[in-house]
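Enquirer: Mind folding the following:
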Amino acid sequence: MANDTTQARTTVTMAVEGMTCGNCVRHIGEALEKHFTDLTHSIDLEGGTLTVTFDPTQLKLADIAAVVAEEGYPVTAG
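Expert: The predicted structure is shown next:
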């Protein structure tokens, strides 16, 4: 996982297994938006990565990874 911390917000890029189409991207995006209001995300289907920016004092990376995994896409170090 790659990290960049600025002004109490952290950006992390992680590998996501099993993404094969636009529906995968949509499912992950919708799940993140449903569970987290103060999180921005970018999903790269071709690269198989998810980049999230969030406030680590309000949210844990493990919680983000768990939501993605619940959708059927295991998250690994990127």
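Enquirer: start to end distance for stretch 41-57?
Expert: 17 Å (CA to CA, to the nearest Å).
Enquirer: How about residues contacting it?
Expert: Stretch 41-57 is contacted by residues 5, 8-17, 19, 21-22, 24-25, 28-29, 32, 36, 38-40, 61, 64, 68, 75, 78 when judged by CB atoms under 8 Å, 6 or more residues apart in numbering. Placement of C-beta: from N, CA and C, glycine included.
Enquirer: what's the average pLDDT for it?
Expert: Averaged across stretch 41-57, pLDDT comes to 97.
Enquirer: mind checking how far stretch 69-78 is from the chain centre?
Expert: In terms of CA atoms, centre = their mean, to the nearest Å, the centre of stretch 69-78 is found 9 Å from the chain centre.
Enquirer: Please point out which parts of that stretch sit buried.
Expert: 71, 73, 75 (16 or more other CB atoms under 10 Å).
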